[in-house]
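With the input below, show me the fold.
(chains A and B, ligands or ions: 2)
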Amino acid sequence: MKYSLLLNNQRVEVEAPGDISLLKLLREYLHLTGTKEGCDVGECGACSVLLDGKLVNSCMVLAAQAADREVITIEGVCLPDGSPNDLQQAFIRYGAVQCGFCTPGMILAGEALLADNPQPTRTEIREAIAGNLCRCTGYQQIVDAIEQTSLSRKEKKGHA
Amino acid sequence: MESFETIRATSVSEAMTLLNEPGLRSRALAGATDIMLLLRHDPHYCDRLVDISLIPELRKIEEQNGRVIIGAAATFNEVMESPLVQQTAPALVQACHSVGAVQIRNMGTLGGNVVNAAACADSLPALICLDASTSILTPAGGQSMPVSRFVTRPNHTLLPSGGLLLSLSYPIPASGSRSAFLKLGRRNAMAISRLTVAALGRLNDDGRIAEARLVTGSATPSIERLAAVEELLLGEAPSDLLFNLAARATVAEMLRLSGRRWSSEYKIPALEAMTARILGQVFPLAAA
Ligand code: FES
Ligand code: FES
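Numbering: from 1, shown residues only, chains lettered A, B, ... in the order given. Ligands and ions are numbered 1, 2, ... in the order given. Presented below is the predicted three-dimensional model:
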């Protein structure tokens, strides 16, 4: 079938089978490999993307369900010049990236949380990333990075 | 060659037509969180999926004639964030909250949970505790039945072929009622539930129990209110002693309904403790 979607703020069209997951459409037909395939059964969050602004596991969504809707992948999270944004910088600074496999999903989970709840508590941060597994960091650094980003975004807003 | 097709329906009548086209095995698709797993085991599970998740009328949550009506395609997150559900059914809010992680709650729907009726479907004990009913549309017309009758056993319901679950609804509990839901799972976000309890209770003016409802999930083959335990509570004044008695009666009911199993050794003390705890939540003890 022919898919049309608003992907990272750009209208894209692609021809692909009608029975594949959104994850497969992104990686194999649109060649956006930033979204990772971990478990392919909805348990690890490595494939997290935003569908109409909501965090979902792209392995658990049929590509056909995303047709004509808005999808944001990790490739769409950056500063206007393409460099890492503040949350991504904080992940680097706090050592929240080790092998990096969980990172795209973690960043999207973090952005989804901060969009919804700009000043989350640490418990709320933990809950927001509860569906994202990380085998390397032990999570502490990830929670720190999201918390710091929330604080610095608040400060920026205060100064603006 | 594609093993199935997916078509998005924009209205209930369009969905009914698509679901009932002769010669095709069609199934309704809402959040996809269960169906994706089925399709992985069996890509030829059906010929056509009819995506009903964007039909506006199936996502509404509203009050009508003393009942809260929840569209079958409302997601767990939409249900738990609805002020109407928060005010009338904390047990359902807590049950939806305990489903998976945010990624699953953003896609998974209340209707899907009921129609698939997994043994571990967290919403079922809460809905049955709320005396919830289903509203179903079939090619022959509409019908309604209690959730407790609709779900016959794990993975089996009375949904007629070609039928579509439109909504779930429950009568708004009498004022002064409290409800709660507890789940014992292993890893928080993803634990498919091992043991759940839902309870609803109300005290009369002299502090005695005027209404008591108790339902356990994943403990018995069919999910229903435990009348024997509810009777034991009615008319009594709340006390820890009473809650412990009721907890023991709950365990006795579980053993009567499902027999002793390999898991009983684990479930007996767990269910007993959870029951006593949830009764303490819905029946506040008079300040000593
Ligand atoms: S790859 Fe989708 S949740 Fe693991
Ligand atoms: S950094 Fe390796 S899995 Fe998270």
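
name the helices or strands packed onto the helix or strand in which residue B:84 is found?
For residue B:84, the element it lies in under DSSP states H and E is helix B:83-88. Contact here means 3 or more C-beta pairs under 8 Å, 6 or more residues apart in numbering or on different chains; DSSP states H and E; on that basis helix B:83-88 packs against strand B:61-64, strand B:67-71, helix B:90-97. Any C-beta I mention is one placed from the backbone N, CA and C, and that applies to glycine too.

Which positions in chain A make contact with ligand 2?
If contact is defined as C-beta under 6 Å from any ligand atom, the residues of chain A in contact with ligand 2 are A:97-102, A:134-137.

Now for the residues you listed: which two are most distant?
Looking at those by C-beta to C-beta, the two members farthest from one another are A:97 and A:135, with 12.6 Å of separation.

Neighbour count for these two, which is higher?
Summary of the neighbour comparison: residue A:97 and residue A:135, criterion other C-beta atoms under 10 Å in any protein chain shown, with residue A:97 having more neighbours (21 against 11).

And stretch A:40-47, what's buried?
Residues of stretch A:40-47 classed as buried: A:40, A:42-47 (neighbour count, 16 or more other C-beta atoms under 10 Å in any protein chain shown).

Correction: the previous question concerned stretch A:50-70.
Going by 16+ other C-beta under 10 Å, stretch A:50-70 has these buried residues: A:50-51, A:54-67, A:69.

now, which of these lie within strands?
Using DSSP state E, A:50-51, A:54-57 are the members of those that sit in strands.

would you list these in TSV and tack on pLDDT and distance to chain B?
Written out in TSV, the entries for these read as follows (pLDDT from 0 to 100; distance: C-beta to the nearest C-beta, whole Å):
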residue	pLDDT	distance to chain B
A:50	98	10
A:51	98	8
A:54	97	4
A:55	98	5
A:56	98	5
A:57	98	4
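
Looking at the residues you listed, which one is closest to ligand 1?
Distance ranking of those against ligand 1, using C-beta to the nearest ligand atom, places residue A:57 first at 4.1 Å.

Quick check: the nearest residue to that closest one once chain neighbours are set aside vs residue A:51, distance?
Computed as C-beta to C-beta, 6 or more residues apart in numbering or on different chains, the closest residue to residue A:57 that is not its neighbour in sequence is residue B:103, at 4.5 Å. Counting by C-beta to C-beta, to the nearest Å, the gap from residue B:103 to residue A:51 is 10 Å.

likewise residue A:26?
11 Å.

and for these two, which residues touch both?
By the contact definition C-beta atoms under 8 Å, 6 or more residues apart in numbering or on different chains, residue A:26 and residue A:51 are jointly contacted by A:58, A:71.

List the contacts of the nearest residue to residue B:123 once chain neighbours are set aside.
Nearest residue to residue B:123 in three dimensions, chain neighbours excluded: residue B:113, at 4.6 Å (C-beta to C-beta, 6+ apart). Taking C-beta under 8 Å, 6+ apart as the criterion, residue B:113 is in contact with B:76, B:99, B:121-124.

ok, now residue A:78?
A:84-85, A:88.

can I assume it sits in a strand?
No - read with DSSP: H, G, I helix; E, B strand; the rest coil, residue A:78 is coil and lies in no strand.

Tell me, how many residues neighbour residue B:116?
Residue neighbour count, defined by other C-beta under 10 Å, stands at 19 for residue B:116.

likewise the one 4 residues further on?
Residue B:120 is flanked by 18 other residues according to other C-beta under 10 Å.

Go ahead and confirm it touches residue B:218.
Yes - in terms of C-beta atoms under 8 Å, residue B:120 counts as a neighbour of residue B:218; the distance is 5.6 Å.

got a pLDDT number for residue B:185?
Predicted confidence (pLDDT) at residue B:185: the value is 69.

pretty sure residue B:116 contacts residue B:154?
No - checked against C-beta under 8 Å, the pair residue B:116 and residue B:154 is beyond contact range at 9.6 Å.

mind listing what the residue nearest to residue A:57 touches?
For residue B:103, the contacting residues are A:42, A:45, A:48, A:55-57, A:60, A:109, A:131, by C-beta under 8 Å, 6+ apart.

Would you mind listing what in chain A touches chain B?
Along chain A, the residues adjacent to chain B under the rule C-beta under 8 Å from any C-beta of the partner chain are A:17-19, A:21, A:40-43, A:45, A:48, A:51, A:54-57, A:59-62, A:64-65, A:67, A:109, A:112, A:127-128, A:130-132.

Kindly recompute the last result at 7 Å.
The interface of chain A toward chain B, taken as C-beta under 7 Å from any C-beta of the partner chain, is made up of A:17-19, A:21, A:41-43, A:45, A:48, A:54-57, A:60-62, A:64-65, A:128, A:130-131.

Put the alpha carbons of stretch B:120-132 into PDB.
Extracted as PDB, the C-alpha positions of stretch B:120-132 are listed here (Å, rounded to 0.1, in the frame of the first residue of the first chain):
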ATOM      1  CA  CYS B 120      -4.400 -11.100  33.300                       C
ATOM      2  CA  ALA B 121      -6.600  -8.300  31.900                       C
ATOM      3  CA  ASP B 122      -6.300  -5.800  34.700                       C
ATOM      4  CA  SER B 123      -9.400  -3.800  33.900                       C
ATOM      5  CA  LEU B 124     -11.800  -6.800  34.300                       C
ATOM      6  CA  PRO B 125     -11.900  -7.100  38.100                       C
ATOM      7  CA  ALA B 126     -12.400  -3.300  38.300                       C
ATOM      8  CA  LEU B 127     -15.200  -3.300  35.800                       C
ATOM      9  CA  ILE B 128     -16.900  -6.200  37.300                       C
ATOM     10  CA  CYS B 129     -16.600  -4.600  40.700                       C
ATOM     11  CA  LEU B 130     -18.300  -1.500  39.300                       C
ATOM     12  CA  ASP B 131     -21.100  -3.800  37.900                       C
ATOM     13  CA  ALA B 132     -20.200  -2.600  34.400                       C
END
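
and the helix or strand containing residue B:201, which residues are buried?
Residue B:201 is located in strand B:195-203, with elements delineated by DSSP H and E. Along strand B:195-203, the positions that meet the burial threshold by neighbour count (16+ other C-beta under 10 Å) are B:195-203.

Is it possible to get TSV of these that adds pLDDT and distance to residue B:48?
Compiled in TSV, these are given as follows (pLDDT from 0 to 100; distance: C-beta to C-beta, whole Å):
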residue	pLDDT	distance to residue B:48
B:195	86	37
B:196	90	34
B:197	94	39
B:198	97	35
B:199	98	41
B:200	98	40
B:201	97	45
B:202	97	47
B:203	96	52
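
Residue A:75: which of those residues is nearest?
residue B:196 (39.8 Å).

do you know how far the closest one is from residue B:157?
According to C-beta to C-beta, residue B:196 stands 19 Å off from residue B:157.

And residue B:171, by the same measure?
The spacing between residue B:171 and residue B:157, counted by C-beta to C-beta, is 21 Å.
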